[in-house]
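What follows is a predicted structure for the sequence shown.
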Amino acid sequence: MSKTALITGASSGIGKELAIIHAQRGGNLVLVARRIEKLNELKLDIEKQYNVKVEVISKDLTQLNAPQEIYDEVKEKGIQVDYLINNAGFGGHGKFHERSLEEDLAMINLNVVALTLLTKLYLPGFVARNSGKVLNVSSTASFMPGPLQAVYFATKSYVTFLSNAIAEELHDTNITVTNLMPGATETEFAKVSKMDKTDLFENTVSAHSVALDGYNGMIEGKLDVVSGLKPMQKVMMRMIPFTPKKMVLKQIRQMQEVN
């Protein structure tokens, strides 16, 4: 029986690649994003190539009522969601005291609140059926504080810790919660967050490779999946716990300064 995956932020980048990978494996889809034109294009392409069912929902997940509206719409259509993939998110560059309150609250609403609400809405059904998988897209940013992206890094730490905690709460069920932590990835994220002219995004990996790592990790029920790090970045990540925090903060700030 085909599994249905609900994917947020599905119109581009990692979310789009996750949708294609799931369809390639015979799964049906519910695709959520703001840009309905992009969603409809993806729907037509996927249905034509892979002979699966695709529903699209245009919602702005920075709006607090959006998760409930998505849940209600999917339920009204009689669709059972088997995999919940919380991929939608965005960042923003600049000093905390200089960034607008509206931008940072929107980021918190999307990266934290929407993810939490969708997981809260779908998990009881998973538990009742003792079946289901959750994939939350966090970031390697969740390992550390992030000067010049203070709120973004903080939101991703929340995603990682929430995912890991829920996974352990469900240890005696058939439900898994996987936390995907990409490094710098070739998506629209860098341009939207104004990070495209920083050292951090000088060398990016493909969205497809990150999506494939995350999807396979979800299927295998892994707790954490780190993807897209270059060899030197892997070394740096391993050294973080042993490096004085002020030094880490300085290094992160320098990597995120606009060239």
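Arrived safely, thanks for sending. Residues are numbered from 1 along each chain as shown.

mind checking pLDDT for residue 228?
Per-residue pLDDT puts residue 228 at 78.

So what does it look like in phi/psi?
Main-chain dihedrals, residue 228, degrees, to the nearest 10: phi 90, psi 20.

Residue 73 now?
Backbone torsions for residue 73, taken as degrees, to the nearest 10, come to phi -60, psi -40.

check contacts around the residue nearest to it when sequence neighbours are not counted.
Distances taken as CB to CB, 6 or more residues apart in numbering put residue 57 closest to residue 73, at 6.0 Å, once the chain neighbours are dropped. Just so you know, the C-beta spots here come from the backbone N, C-alpha and C atoms, and that holds for glycine as well. Going by CB atoms under 8 Å, 6 or more residues apart in numbering, residue 57 touches 30, 31, 32, 39, 70, 73, 74.

now residue 57, which residues is it bridged with?
residue 32 (DSSP bridges).

any idea how far it is from residue 92?
25 Å (CB to CB, to the nearest Å).

same question, residue 116
From residue 116 across to residue 92, the span is 20 Å (CB to CB).

part of a helix, is residue 158?
Yes - Residue 158: assigned to a helix according to DSSP: H, G, I helix; E, B strand; the rest coil.

Please name the residues that touch it.
Contacts of residue 158 (CB under 8 Å, 6+ apart): 111, 112.

low-scoring pLDDT stretches of the stretch 101-250 of the chain, where are they?
Applying pLDDT under 70 to the stretch 101-250 of the chain picks out residues 185-204, 230-233, 235.

hey, where'd the strands end up in it?
Along the stretch 101-250 of the chain, counting by DSSP state E, counting those that start in this stretch, strands occupy 132-137, 175-182, 185-186, 205-206, 224-227.

Name the surrounding residues that touch the second one.
Going back to what we said before, that points to strand 175-182. 14, 123, 126-127, 130-140, 142-143, 159-160, 163-164, 166-167, 170, 205, 210, 213-214, 217-218, 221-228.

Same list, the strands of the stretch 101-250 of the chain, but as CSV with distance to residue 240 please.
Shown next, in CSV, are these (distance: least, CB to CB, whole Å):
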stretch, distance to residue 240
strand 132-137, 21
strand 175-182, 13
strand 185-186, 20
strand 205-206, 20
strand 224-227, 13
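
got a markdown table for these, with mean neighbour count and distance to residue 246 too?
Formatted as a markdown table, the strands of the stretch 101-250 of the chain follow (neighbours: other CB atoms under 10 Å; distance: least, CB to CB, whole Å):
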| stretch | mean neighbour count | distance to residue 246 |
| --- | --- | --- |
| strand 132-137 | 25 | 30 |
| strand 175-182 | 26 | 24 |
| strand 185-186 | 20 | 28 |
| strand 205-206 | 16 | 29 |
| strand 224-227 | 19 | 25 |
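
Figure out which of those strands is closest to residue 3.
strand 132-137 (8.4 Å; CB to CB).

ok, residue 120 to residue 184 distance?
30 Å.

What about the contacts of residue 57, which one has the most neighbours?
Within the contacts of residue 57, residue 32 tops the neighbour count with 30 neighbours, counted by other CB atoms under 10 Å.

In terms of pLDDT, where does it sit?
Reported pLDDT for residue 32: 98.

so who does it touch?
When contacts are counted by CB under 8 Å, 6+ apart, residue 32 touches 6, 7, 8, 9, 10, 56, 57, 58, 59, 61, 70, 88.

Can you check these and name whichever has the most neighbours?
residue 10 (31 neighbours).

So it lies in a strand, does it not?
No - under three-state DSSP, residue 10 sits outside any strand and is assigned coil.

Now do the phi/psi pair for it.
Dihedral angles for residue 10 - degrees, to the nearest 10 - are phi -90, psi 0.

More neighbours: which of residue 120 and residue 184?
residue 184 (25 against 12).

Noted, bye for now.
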